[in-house]
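Participant: Make a model of this:
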Amino acid sequence: MTDDFHRPAIIIGGRPIYTHFLNRELLRSVNLQLSDIAIENMLRVLLIASTEHFYSSIAFVWESLRYLPETVATIEKLYRSGDMVMVSNFDTPDEFVSSCQILYSYDADRYPMYFDSIPKNLLQMRPGLVKNQNTTDVLSAELIMWSQNIPGHTWNLLSSNDELSLEDLRPLIVPLLSHRENKGITLSFFEEELIRVDLRRRKFALARLLSLVHLQHYLNVTGADVATGISGLTYFDRLSSCFPVFDISLLTIILRRIGIIPGLWTAPGFPDNLIQMRGSSSHRAFVETLRFLLNGAYYLACKRNQHSPSVKFSHLVAEPLHQILNIRELDTREVDLTSNFMSRTDAHLRQIAILARRERDFAEFADLWEMEVQVNCKKVLLLTATDLETSTIVQVAKEDYGLRSSRIQIKDHTIYTLGTIAGTEIFVAQSEMGTEAPGAMTLTANDVIEYLKPHSVVLVGIAFGLRENEQSIGDILVSKQLCPYDLKKLNELKGKEVWRSRGDKPQASTRLLDRFRSGKLDWSGCDVHFGLIMSGNTLVNSPSFIDRLKEIEPEAIGGEMEGAGLYCVGAKRKVDWIVVKGLSDWGINKSDEFQRLAAHNAVQFTFHVISTGGLSV
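Facilitator: Residues are numbered from 1 along each chain as shown. Here you go, the predicted model:
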């Protein structure tokens, strides 16, 4: 063994998963039939071993209903949970069906699902991604270029045997396609001509060419990857860009070793409970550890066998993976779907990962992994203005996410580092209250942002509410806009002072607004309100002052003291920012009674958004 080898790329985060194993034409090209239970088990493995969502051509689902009812039932659940996105070049299922009836009128026996009575459940599954290109037009254009031997296209991925086998077919393609009319381009379209010219033995090679072009087109459209290591379907592993993290055979080895297979498959509430748990912080931590072990095994396989990383042979990775997993005995008797199931399972795998570092080559890989994690991690800075807000962040990080804080001292400030969640490295810094003192938010944020250069800044803490009829104590306020009210014009009208705001009304980062809105969808805590937040240096405990703020901005949802300083620094430093605060009072009869609740809710919601991976991209 030498150190001179092709080092494989480390895959930390995956792409969405495209369900190519549902494609009947693709399965036909390798003469493979997959049973309902076989596909169900593949989906189960990918569900538990990934956090990415799935893409499927809407045609795959329609064409699977008659043959794979259990699989389609699971796909419906994933569609309803938002984990499965349907892809089509039509906006509605009705348009899709009408098109298929035209394309497959010549082959209705193979596609009866488009001509028989149509189940209502399929009509309810609407495309979430509408692509611009018609798949049949793409196939036609690619086949014409292949017939003319134009290099640099998908057919370069054909095996050498298929390339040789298909040479005699090149002259037939253009004449056939020129008389295609409205027929769909499938193997059936070519079969009659293949029989006529006595080239029927080449039909599977042609089917694989069609499937490669079809699959590559959908991967380009969705930005997705394919699962590898599926017995009988490894011909298409060559299109994978995230090997080995979606490899079914390797994932099955790990899940079987830790008792998830077959234990979890028969657990009450499966897979519904798993779908609900998917994407939680504990599930993301579990998946990250899985990928650490898979990448480590792949690294060892490449080093020991001197193979290029472009060679995606699952069986070569399986041997070092077995060795890693057998380092430590695991208790696999208890498998359930309780809330701490993922955390306990992840703890088992982490122990294996620690012990595996005793082997020199794995320790070498682990160092590379940690460097890669640091390079790819996005930094988020959480800013606070009170001891309560800071201590709440540290407490939630420790108790809910197992993170411990350490300190960095820079100039006049202390920065707390909490560790990493879902590809996001978390830092905390505290200022004095308000924006105008030397230690207040403006100068503190400027110094810390200049030092850390974070990708996102979230001002977390407590605020007062301005809509008692619509809000409750403990609710969360998220800034869509800020109104810094200190800069104002003061007039006297009929003996009464009238305020007019003269400052900007800056909008929070579009990206962070999107991430926090997305996080609200699966947030099970208190209500979250998005809107305009007032910001100024006044500690408000006055009914008349609250009335004036409402006069200045009738649409405002609340107020606080530090946001204006963050806005100024964010604009100067060109960093994404947002304000997320819990409602502790109404700016009247102020007390400390609900400050802890308000701070805790705001911090928990912020960590929830981080744990979904939203701030890592």
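Participant: okay, CA-based contacts and neighbour counts for the rest of this
Facilitator: Will do.
Participant: got the end-to-end distance for stretch 63-70?
Facilitator: For stretch 63-70, the first-to-last residue distance is 13 Å (CA to CA, to the nearest Å).
Participant: which residues sit against it?
Facilitator: 22, 24, 35-37, 40, 71-72, 111, 113 (CA atoms under 8 Å, 6 or more residues apart in numbering).
Participant: Can you say which of these are buried?
Facilitator: Buried by 16 or more other CA atoms under 10 Å: 22, 24, 40, 71-72, 111, 113, out of these.
Participant: Which member of the residues you listed is positioned nearest Ser249?
Facilitator: Set against Ser249, the nearest of the buried ones among the contacts of stretch 63-70 by CA to CA is Glu40 (14.5 Å).
Participant: Name the SS class of the residue lying closest to that closest one once chain neighbours are set aside, please.
Facilitator: Among residues not flanking Glu40 along the chain, Thr71 sits closest, at 5.5 Å (CA to CA, 6 or more residues apart in numbering). The three-state label for Thr71, taken from DSSP: H, G, I helix; E, B strand; the rest coil, comes out as helix.
Participant: How about Val380?
Facilitator: Recorded secondary structure, Val380: strand (three-state DSSP).
Participant: now what about the helix or strand hosting His315, what contacts it?
Facilitator: Under DSSP states H and E, the secondary-structure element containing His315 is helix 314-325. With contact meaning CA under 8 Å, 6+ apart, helix 314-325 is reached by 229, 244, 247, 249-250, 253-254, 257, 293-294, 297-298, 300-301, 352-353, 356.
Participant: switch to 10 Å and redo it
Facilitator: Helix 314-325 has contacts (CA atoms under 10 Å, 6 or more residues apart in numbering) with 228-230, 234, 237, 243-244, 247-251, 253-254, 257-258, 293-302, 304-305, 307, 326, 349, 352-353, 355-357, 359, 362.
Participant: what does stretch 590-602 give?
Facilitator: Stretch 590-602 is contacted from outside by 388-393, 395-396, 459-464, 473-478, 525-528, 539-542, 579-585, 603, 606-608, using CA under 10 Å, 6+ apart.
Participant: what do you get if the cut-off is 7 Å, keeping everything else the same?
Facilitator: Contact partners of stretch 590-602, identified using CA atoms under 7 Å, 6 or more residues apart in numbering, comprise 389, 392, 460-462, 474, 476, 541, 580-584.
Participant: try stretch 184-193
Facilitator: The contact list for stretch 184-193, computed with CA under 7 Å, 6+ apart, reads 103-104, 136, 207.
Participant: May I ask you to confirm that Ala463 is in contact with Gly559?
Facilitator: Yes: when contacts are counted by CA atoms under 7 Å, Ala463 is listed as touching Gly559 (5.7 Å).
Participant: picking that back up, in helices, which of the buried ones among the contacts of stretch 63-70 appear?
Facilitator: If you go by DSSP state H, the buried ones among the contacts of stretch 63-70 have 24, 40, 71-72 in helices.
Participant: which of the residues you listed sit farthest apart?
Facilitator: Spanning the widest gap among those are Arg24 and Glu40, at 15.6 Å by CA to CA.
Participant: Residues contacting the helix or strand where Ser282 lies, please?
Facilitator: Following DSSP H and E, one finds Ser282 within helix 281-305. Applying CA under 7 Å, 6+ apart, the external contacts of helix 281-305 come out as 1, 5, 7-8, 10-12, 49-51, 244-245, 308-309, 316-317, 320-321, 342-343, 346, 349-350, 353, 361-362, 365, 422, 611.
Participant: the inter-axis angle of it versus helix 314-325?
Facilitator: Angle of helix 281-305 versus helix 314-325, following axes from the mean of the first three to the mean of the last three CA atoms, to 10 degrees, is 110 degrees.
Participant: hey, where'd the helices end up in the stretch 201-350 of the chain?
Facilitator: Using DSSP state H, counting those that start in this stretch, the helices of the stretch 201-350 of the chain run over 203-222, 248-257, 260-263, 272-277, 281-305, 314-325, 341-356.
Participant: For Leu532, which of these is the nearest?
Facilitator: Smallest distance to Leu532 across these (CA to CA): 29.8 Å, for helix 281-305.
Participant: Show me what counts as buried in that closest one.
Facilitator: Going by neighbour count (16+ other CA under 10 Å), the buried part of helix 281-305 is 281-304.
Participant: got it, and stretch 170-187?
Facilitator: Neighbour-count burial for stretch 170-187 flags 173-174, 177, 183-187 (criterion: 16+ other CA under 10 Å).
Participant: picking up where we left off before, which one of the buried ones among the contacts of stretch 63-70 is nearest Val617?
Facilitator: Closest to Val617, out of all of the buried ones among the contacts of stretch 63-70 and judged by CA to CA, is Leu22, at 29.5 Å.
Participant: what residues are up against the closest one?
Facilitator: So Leu22 contacts Phe60 (CA under 7 Å, 6+ apart).
Participant: Please report the distance of it from Ile557.
Facilitator: Distance from Leu22 to Ile557, by CA to CA: 48 Å.
Participant: Could you tell me the model confidence score at the residue nearest to Thr392 when sequence neighbours are not counted?
Facilitator: Leaving out its chain neighbours, the residue that sits closest to Thr392 by CA to CA, 6+ apart is His600, at 6.1 Å. With respect to pLDDT, His600 scores 97.
Participant: what about His600, neighbour count?
Facilitator: 25 (other CA atoms under 10 Å).
Participant: can you give me phi and psi for it?
Facilitator: Dihedral angles of His600 (phi, psi; degrees, to the nearest 10) stand at phi -60, psi -40.
Participant: Repeat that for Leu539.
Facilitator: According to degrees, to the nearest 10, Leu539 has phi -80, psi 100.
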